[in-house]
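give me coordinates for this.
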Amino acid sequence: MNEKSITEIPIPELIKDYPEEKQREIMAYLEQLDEHHRSAYLIAFNHLGSSFNIYKSNGFKDWKNKQK
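I've put the predicted structure just below:
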């Protein structure tokens, strides 16, 4: 399996405006992405550009709900 590190995943600029707790959650989410979900994230990030909001994305919401 070709694992990529978190440093190879683009991080939305919007994340800097979030409180520290949300930033940690987003980074934890990105770190656990498998190859399939990482590809979906990259497509959304590239196609939506600055309008992409990871915190409101379905993938993040699903992951967050599973953490409870």
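
remind me, longest helix of the chain?
Counting residues, the longest helix found in the chain (DSSP state H) is helix 35-48.

list the buried ones in the helix or strand that it is followed by?
Sequence order places helix 58-67 as the next helix or strand after helix 35-48, per DSSP states H and E. Neighbour counts over helix 58-67 (16 or more other Cβ atoms under 10 Å) mark 60, 63 as buried. In this view, the C-beta of every residue, glycine as well, is placed from N, C-alpha and C.

now residue 21: which helix or strand?
Using DSSP H and E, the element containing residue 21 is helix 20-31.

list the helices and strands that helix packs on?
helix 58-67 (3 or more Cβ pairs under 8 Å, 6 or more residues apart in numbering; DSSP states H and E).

give me the helices and strands touching the helix it packs on, please.
Using 3+ Cβ pairs under 8 Å, 6+ apart, helix 58-67 is in contact with helix 20-31, helix 35-48.

the longest one vs helix 58-67, what angle?
Taking axes from the mean of the first three to the mean of the last three Cα atoms, to 10 degrees, one finds helix 35-48 and helix 58-67 inclined to each other by 140 degrees.
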